[in-house]
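Trainee: need a 3D model of the sequence below.
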Amino acid sequence: MIVSRIIHKMVDFSKGNLHDINHFMKVWAFAKTIGESEKLDKERQLILEIAAILHDIACPLCREKYGNTNGKYQEMEGVPLVREFLKDFELSQELVDRVAFLVGHHHTYTDVDGLDYQILLEADYIVNADEGGYSGDNIANTCNSLFRTETGKSLLKSIYRI
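Mentor: Numbers count the residues shown, from 1 in each chain. All right, here's what the predicted structure looks like:
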């Protein structure tokens, strides 16, 4: 129920930007699938799904403020936006802190400190590869260098035929 309420609020927050809405919905679907397949516990699954929905929350602000959606700007601007966005939901401070951390690091591929973080990176990459028209070589290299979960690797290979 909470995830559905967050999705609804994020759709409204996106103000009709179909690209942004479609992007976070696809990332959420892949994150949900990978997390469930990798058997995350309920709390980590919830954190992952909320982070997947909110991971690009800073994109509208970054477009306005910087003229682009550079990943480092998204990470920097996203953390306070996540905290503000989630304040009306009855979530623990620890959960909000972790979601904010994940959003604040979803373009950082080093020092990955948990399966929720790893899965968010994988789900976002799967969607970005399509939306960005990444080459087969890029996808294959990223599969070998970034992907760690068996589910993420399997999905990436199946989707992109690598």
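
Trainee: which helix or strand contains the residue most central in space within the chain?
Mentor: When the chain is reduced to its mean C-alpha position, the closest residue under Cα atoms, centre = their mean turns out to be residue 52, at 3.4 Å. Element membership for residue 52 (DSSP states H and E) is helix 42-54.

Trainee: buried set for that helix?
Mentor: Residues of helix 42-54 classed as buried under the neighbour-count rule (16 or more other Cβ atoms under 10 Å) are 44, 45, 46, 47, 48, 49, 50, 51, 52, 53, 54. Using the backbone N, CA and C atoms, a C-beta is placed for each residue, glycine as well.

Trainee: following it, which helix or strand comes up?
Mentor: The first helix or strand that comes after helix 42-54 along the chain, using DSSP H and E, is helix 59-66.

Trainee: any idea of the mean pLDDT in that next one?
Mentor: Across helix 59-66, the average pLDDT comes to 96.

Trainee: quick one: the very next helix or strand once past it to helix 59-66, angle?
Mentor: Scanning the chain past helix 59-66 towards its C-terminal end, the next helix or strand to appear is helix 71-86 (assignment: DSSP H and E). Orientation check (axes from the mean of the first three to the mean of the last three Cα atoms, to 10 degrees): helix 71-86 against helix 59-66 gives 130 degrees.

Trainee: dump helix 71-86 to PDB, restricted to CA.
Mentor: As requested, the backbone C-alpha atoms of helix 71-86 are provided in PDB (Å, rounded to 0.1, in the frame of the first residue of the first chain):
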ATOM      1  CA  GLY A  71      24.300  12.300 -12.300                       C
ATOM      2  CA  LYS A  72      26.400  14.100  -9.700                       C
ATOM      3  CA  TYR A  73      23.900  17.000  -9.600                       C
ATOM      4  CA  GLN A  74      21.100  14.400  -9.200                       C
ATOM      5  CA  GLU A  75      22.900  12.800  -6.300                       C
ATOM      6  CA  MET A  76      23.600  16.100  -4.600                       C
ATOM      7  CA  GLU A  77      20.100  17.600  -5.100                       C
ATOM      8  CA  GLY A  78      18.200  14.400  -4.500                       C
ATOM      9  CA  VAL A  79      18.900  13.800  -0.900                       C
ATOM     10  CA  PRO A  80      17.000  16.800   0.600                       C
ATOM     11  CA  LEU A  81      14.200  16.300  -2.000                       C
ATOM     12  CA  VAL A  82      13.700  12.700  -0.800                       C
ATOM     13  CA  ARG A  83      13.600  13.700   2.800                       C
ATOM     14  CA  GLU A  84      10.900  16.400   2.100                       C
ATOM     15  CA  PHE A  85       9.000  14.000  -0.200                       C
ATOM     16  CA  LEU A  86       8.800  11.300   2.400                       C
END
